[in-house]
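*Asks:* Sequence plus predicted model, see below.
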Amino acid sequence: MTFKLLLLPGDGIGPEVVAQAEKTILQLNQQFSLGIELEYALVGGGAIDKTGTPLPEITLSLAKDAHAILLGAVGGPQWDTRNPNERPEKGLLQLRKSFNLFANLRPAILYAELVNASTLKPEYVTDLDLMIIRELTGGLYFGEPRGVEIKDKIKSARNTMVYDETEIERIAKVAFDIATKRGKKVCSVDKANVLEVSQLWREIVTKVHKQYPTIELSHMYVDNAAMQLIQRPKQFDVILTENVFGDILSDSAAMLTGSIGMLPSASMNDAQFGLYEPVHGSAPDIAGKDIANPIATLLSVAMMFKYSLHQPNIANMLEDAIKQVLAQGLRTKDIAKDASYVGTEEMGHAIRKVLLKFN
Ligand code: NAD
């Protein structure tokens, strides 16, 4: 079996962190004869500069042939003045739409070695390991009607939060399936005391839960969830929620872990095709300086091995190698306590060196 992976380095620090992923994948491929083939393509600002569009046809066609995609990041100040349809981020949105990537998986894990990097006291976050499952292609960001209108000289704007039961059912299944392989708890977050959409959400999640008797299901209003994430984050295993609530809660959860340079993500469809990317952006302020943390991207690679390539052992090895390197005291600048830190390349190299010991 051959696995085709498409690498989309993108802009800013994207190429630097994806270079570490590429070297790591090639090493693992050789070490464990995984049959991985890599392809490369343009996306984002670099693609606009070279082809006039953020998602060139050739990129889309290579993506259709791939088993999974690894993306660095897109965007930068040089493209910020363009209109929204011609900006680098549009390439990413088109990719999500083309492949119907409705399930966004964002783990927030705090490694014991980095407990002081969190803004919360150690007793609240030590051993934190939660997963947010956010619906990514429906709800308020996509609902119609939307737009701005002027009536009787008064300007108004409207967006629509809408979900049908099939959209809720498929994302609920993803959450329950993932919880089955983790702590067996799902907390579904909604605003059912006010919103009809949330009442339907709760009804369907409760119905789907009947197929998963081993999973404990709870429901929480989103305002309470925002509070509980800060007050008692370790109560959560899997949080299931809709698009806009998930957008906000996943950034809060991210900050519990200290650095955005540590956080991976996956966006998947029904066929377990996934787009894997670090949560961070293109960080133009540090691009080209060899100081970006490559761990978020390497953890995204681990997610890719787990969810799209069905190689959980390789995923565990990679996560383990990252933990070992952190335990050795190696830090990139964003997670360093003092002035001693290593660069992007050196961090990647250290992780690959540990990986070589596995067989
Ligand atoms: P950002 O995530 O790029 O950077 C925020 C801060 O975190 C910066 O100080 C940056 O130096 C730091 N940082 C980010 N990643 C890091 C890493 N791996 N190691 C160490 N430090 C890191 O967010 P921003 O500054 O708001 O956005 C910059 C550009 O990225 C914008 O053009 C934005 O549109 C784009 N963006 C893209 C994505 C994406 O591609 N998925 C996501 C968010 C932002």
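*Replies:* Perfect, I can see it now. Note that the coordinates shown come from a computational prediction; the quantities given were computed from them, not determined experimentally.

*Asks:* Give me the mean pLDDT for stretch 283-301.
*Replies:* Across stretch 283-301, the average pLDDT comes to 97.

*Asks:* is that stretch anywhere near the ligand?
*Replies:* Yes: using CB under 6 Å from any ligand atom, stretch 283-301 reaches the ligand at Ala283, Pro284, Asp285, Ile286, Ala292, Asn293, Ala296. No exception for glycine: its C-beta is placed from N, CA and C like everyone else's.

*Asks:* What is the end-to-end distance of that stretch?
*Replies:* Stretch 283-301 has an end-to-end distance of 20 Å (CA to CA, to the nearest Å).

*Asks:* How about that stretch, which residues are buried there?
*Replies:* 283-284, 286-287, 291-301 (16 or more other CB atoms under 10 Å).

*Asks:* And stretch 165-175, by the same measure?
*Replies:* Using 16+ other CB under 10 Å as the burial criterion, the residues of stretch 165-175 that qualify are Glu167, Ile168, Arg170, Ile171, Ala172, Lys173, Val174, Ala175.

*Asks:* Look at the second one and report its pLDDT.
*Replies:* We have a pLDDT of 98 for Ile168.

*Asks:* With adjacent residues omitted, what lies nearest to Gln94?
*Replies:* Of all residues not flanking Gln94 in the chain, Leu55 sits nearest, at 4.6 Å (CB to CB, 6 or more residues apart in numbering).

*Asks:* contacting residues around the one you found?
*Replies:* Val43, Ala47, Lys90, Gly91, Gln94, Leu95 (CB atoms under 8 Å, 6 or more residues apart in numbering).

*Asks:* Surely it forms part of a strand?
*Replies:* No: according to DSSP: H, G, I helix; E, B strand; the rest coil, Leu55 belongs to no strand; its state is coil.

*Asks:* hang on, the earlier thing: between the buried residues of stretch 283-301, which sits nearest Ser267?
*Replies:* For the buried residues of stretch 283-301, the minimum distance to Ser267 (CB to CB) is 10.6 Å, reached by Ser300.

*Asks:* ok so the closest one is a strand residue?
*Replies:* No: with three-state DSSP as the criterion, Ser300 is assigned helix and is not in a strand.

*Asks:* ranges for the helices of the stretch 101-250 of the chain?
*Replies:* With DSSP state H, counting those that start in this stretch as the criterion, the stretch 101-250 of the chain has helices at 122-125, 165-180, 196-209, 222-231, 243-256.

*Asks:* how near is the nearest residue to Leu92 once chain neighbours are set aside to the ligand?
*Replies:* Once flanking residues are discounted, Leu92 sits nearest to Val74: 5.7 Å by CB to CB, 6+ apart. For Val74, the distance to the ligand equals 4 Å [CB to the nearest ligand atom, to the nearest Å].

*Asks:* Close to the ligand: what parts of the protein are there?
*Replies:* 13, 17, 73-76, 89, 92, 260-261, 277, 280-286, 292-293, 296, 334.

*Asks:* What about the buried residues of stretch 283-301, which are in strands?
*Replies:* Counting by DSSP state E, none of the members of the buried residues of stretch 283-301 fall within strands.

*Asks:* Surely the residue nearest to Leu92 is in contact with Thr59?
*Replies:* No: if you go by CB atoms under 8 Å, Val74 and Thr59 don't touch, sitting 11.7 Å apart.

*Asks:* Who has more neighbours out of those two?
*Replies:* Val74 (30 against 25; other CB atoms under 10 Å).

*Asks:* Could I get the contacting residues of the more buried one?
*Replies:* Val74 touches 10-11, 14, 43-45, 54, 88-89, 91-92, 281-282, counting by CB under 8 Å, 6+ apart.

*Asks:* rerun that using 7 Å as the cut-off
*Replies:* Contacts here follow CB atoms under 7 Å, 6 or more residues apart in numbering; on that basis Val74 touches Gly10, Asp11, Gly14, Val43, Gly44, Gly45, Pro88, Glu89, Gly91, Leu92, Ser282.

*Asks:* Same question for Leu195.
*Replies:* Met161.

*Asks:* So what does it look like in phi/psi?
*Replies:* phi -100, psi 130 (degrees, to the nearest 10).

*Asks:* try Ile36
*Replies:* Dihedral angles (degrees, to the nearest 10) for Ile36: phi -90, psi 130.

*Asks:* what does Lys289 give?
*Replies:* phi -110, psi 0.

*Asks:* give me the number of residues near whatever residue of the stretch 1-150 of the chain ends up closest to the ligand?
*Replies:* Proximity of the stretch 1-150 of the chain to the ligand (CB to the nearest ligand atom) peaks at Gly75, 2.7 Å away. For Gly75, the neighbour count with other CB under 10 Å is 23.

*Asks:* was I right about it contacting Glu89?
*Replies:* Yes: look at Gly75 against Glu89 with CB atoms under 7 Å: they come within range, at 5.9 Å.

*Asks:* Residues contacting stretch 133-153, please?
*Replies:* 96, 100-106, 155-163, 167, 171, 174-175, 178, 238-244, 246-247, 250, 267.

*Asks:* With that, I have no additional questions.
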